[in-house]
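> Got a sequence here, can you model it:
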Amino acid sequence: MDVVYAKDTAQIPTVECGLVLVRAGEHWPASDPVVKAAPTLFSPDPRFGLRYSAVPEPEPLEQATAAPGERRTVRRG
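Okay, here's the model as predicted:
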């Protein structure tokens, strides 16, 4: 089962249940109708499901270009 984590607290309107309160950090099945109704509120990143006293550092982004002095090999067909 795929799980996603709420990034923020919000009330999500649904056809079946009316308003559903989603709290930041809660984990939900990715296939749940609430998740499908508000996909931008959820993330598969498990850091959103953790409690912490200091904000964790973001995951490093992939560097798209070479750093000064760095040489990258490219194969072109």
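> Give me the pLDDT for residue 5.
We note a pLDDT of 94 for residue 5 in this prediction.
> Number of residues surrounding residue 21?
Other residues within reach of residue 21 by the criterion other CB atoms under 10 Å amount to 10. For every residue, glycine as well, the C-beta is placed using N, CA and C.
> so residue 21 bridges to which residues?
Beta-bridge pairing for residue 21 (DSSP bridges): residue 11.
> quick one: low-confidence ranges for the chain?
Applying pLDDT under 70 to the chain picks out residues 56, 59-60, 77.
> how about the strands in the protein?
3-6, 10-14, 18-22, 27-29, 42-43 (DSSP state E).
> Redo those as CSV? Include distance to residue 66.
Listed next are the strands of the chain as CSV, based on distance: least, CB to CB, whole Å:
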stretch, distance to residue 66
strand 3-6, 34
strand 10-14, 41
strand 18-22, 42
strand 27-29, 39
strand 42-43, 30
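> closest to residue 50 out of those strands?
Nearest to residue 50, of all the strands of the chain, is strand 3-6, at 8.6 Å by CB to CB.
> Please enumerate residues in contact with the closest one?
22-30, 35, 41-49 (CB atoms under 8 Å, 6 or more residues apart in numbering).
> Equivalent analysis for stretch 10-20, please.
So stretch 10-20 is in contact with 21-22, 33-34, 37-38, 41, going by CB under 8 Å, 6+ apart.
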